[in-house]
Structures are given as structure tokens and as C-alpha cells.
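J.: need a 3D model of the sequence below.
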Amino acid sequence: MLAEHFSTFASLSDAEVQLLRDLAGAAQYHPPYRDLHAAEALLSPPRMIVAGWAAQYCMLPDGQRQIISLRLPGDLVGPLGRVHLPASCAVAALTELETVDAKPLVEAADAADPVHPGLARAVQAMVQLNDAQLCSQIVRLGRQGTGGRFAHLMLELHGRLGRVGLARDNGFAMPLTQNVLADVLGFSVVHVNRTMQQLRRDGLLEVKDGRVHLLQLERLHALAGWVTRWA
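T.: All right, here's what the predicted structure looks like:
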């Protein structure tokens, strides 16, 4: 999976493909609902998710949680530069999670004269894509209405999962509870449920048995104000 994922961002040499295969053979397991690292903690070396879903989140003093971003297979977690500051947000597994050591990838991207230029270009592109996803989250929370906010998140997840072969036929598996969706979207759980039911009645999308079905893509794009480069 890693080699195919990186190949969507840059052409890889045989040596680069082998490095990714070697990394994939040493995956670490993380149980669900456990932090990979806490807020304010010094970050451990960077890792890449190869299976499962995680969340980058902040806790408010009143106990409410805001999920800043969902981290999916193929995403990097941890410090991506030379300066390692305490983490501004925590990262937790939402499901059973497998990660691999991403330090060789980050070092390849950070080198002045990289030995693995394909990996360097791919990691740099992935960092830029992560910035775009954070911009999308700000726009969702700050300016979009309820239906558009939900539709935009579903379209983003569909695109991100599609790049790693986990979305097809306008659908994908989504192991998120309504509580988690509420923390991503800034809604109450009741509001999440109402929004999902309204989108289903409008014939736009359906969430059933842990899968999301995007039923009318053009109308969803219009509702979400979808811009493909944000995915």
C-alpha cells in the first residue's frame, strides 16, 4: 500500500519502493481510544498510518473536544521538520491502528541533496496536502452551513480514501460514531443525526451499516462548494 500511495505523488525508483516495503514490514499496533501522544508532550519520531483511523484533537477546559483533523491510512503523524516543539494537539487512535516508522521518509525529504528524490517530492506534496486539509476544516467550521459542512467532509474523506484504494463506487467504509462526527464538525450529536437524515431525504447521501454512499455527486459538490484541490 505504501509504495502505491507514494507513487500518486511522485515517480519512485526501485530503491525507494524497497525502502517503503521494508518499513511496511515493521508495523506497530495501537489499540483504539488510546493516545499516540498527548498535547504539550514532546513529540516522538514521526510515524505513518498504514491501517485504521486516528484523530488530531484539542480538549477544552469544559471537557468538550474539537477534532482538528482525521488521520487516515497514508497520513504522516508527528514532527516533520528539524525543530521539535511540544505538541499543540493530541493524536488518538479512533479504531485499531497500525503505524510504521516514518523517520527515514522525513529525513529523505529534509535532505539538502536527497538520496531518494522521489520520496522527498512525495513527502513534501503530502505536507502541502495536509495544510490544504486544515484550511478546509477552518472553512467548514467558520463559514459553511450544516448540510454543506457535512457534505464537504464526506467528499474530502472519499477523495482521501480513494487515493489509497479504500473508496470505490461512490462509497467508503466510515468507522466513526455520531459523537466523533460531532467533534469534527462542531455540531451536537442531535444535530449530526438531523443533518444525516435530511441529506438522506434529499437523496444526496446515505450512511448505513458503517458505509457512506454518495448518491448525487454534482448536487453534493454544489452544496459543499467543493474545490477538488482541497481534498
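
J.: hey, which helix is longest across this structure?
T.: In the chain, with assignment by DSSP state H, the single longest helix is helix 117-143.

J.: does anything pack onto the helix or strand following that helix? Which helices or strands?
T.: Later in the chain than helix 117-143, the nearest helix or strand by DSSP states H and E is helix 146-163. Packed against helix 146-163, as judged by 3 or more C-beta pairs under 8 Å, 6 or more residues apart in numbering; DSSP states H and E, are the following elements: helix 117-143, strand 167-168, strand 171-173, helix 178-185, helix 189-201, strand 211-214, helix 217-224. Glycine gets a C-beta too; all of them are placed from N, C-alpha and C.

J.: need the ones you listed in JSON lines with distance to Lys103, mean pLDDT and mean neighbour count, can you?
T.: Output for the helices and strands packed on helix 146-163, formatted as JSON lines (distance: least, C-beta to C-beta, whole Å; pLDDT from 0 to 100; neighbours: other C-beta atoms under 10 Å):
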{"stretch": "helix 117-143", "distance to Lys103": "11", "mean pLDDT": "90", "mean neighbour count": "17"}
{"stretch": "strand 167-168", "distance to Lys103": "29", "mean pLDDT": "90", "mean neighbour count": "14"}
{"stretch": "strand 171-173", "distance to Lys103": "30", "mean pLDDT": "97", "mean neighbour count": "16"}
{"stretch": "helix 178-185", "distance to Lys103": "29", "mean pLDDT": "97", "mean neighbour count": "19"}
{"stretch": "helix 189-201", "distance to Lys103": "37", "mean pLDDT": "97", "mean neighbour count": "15"}
{"stretch": "strand 211-214", "distance to Lys103": "34", "mean pLDDT": "97", "mean neighbour count": "18"}
{"stretch": "helix 217-224", "distance to Lys103": "36", "mean pLDDT": "94", "mean neighbour count": "17"}
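
J.: for Gly63, which of these is the nearest?
T.: helix 178-185 (11.6 Å; C-beta to C-beta).

J.: distance of the residue most central in space within the chain relative to Ser188?
T.: Residue closest to the average C-alpha location in the chain (C-alpha atoms, centre = their mean): Arg71, at 3.2 Å. Between Arg71 and Ser188 the distance is 24 Å, computed by C-beta to C-beta, to the nearest Å.

J.: repeat that for Pro175.
T.: On the measure of C-beta to C-beta, Pro175 and Ser188 end up 21 Å apart.

J.: again, but for Arg219
T.: In terms of C-beta to C-beta, Arg219 sits 25 Å off from Ser188.

J.: can you give me the angle the longest helix of the chain makes with helix 178-185?
T.: Relative orientation of helix 117-143 and helix 178-185, computed by axes from the mean of the first three to the mean of the last three C-alpha atoms, to 10 degrees: 90 degrees.

J.: okay, the angle between helix 117-143 and helix 217-224?
T.: 60 degrees.
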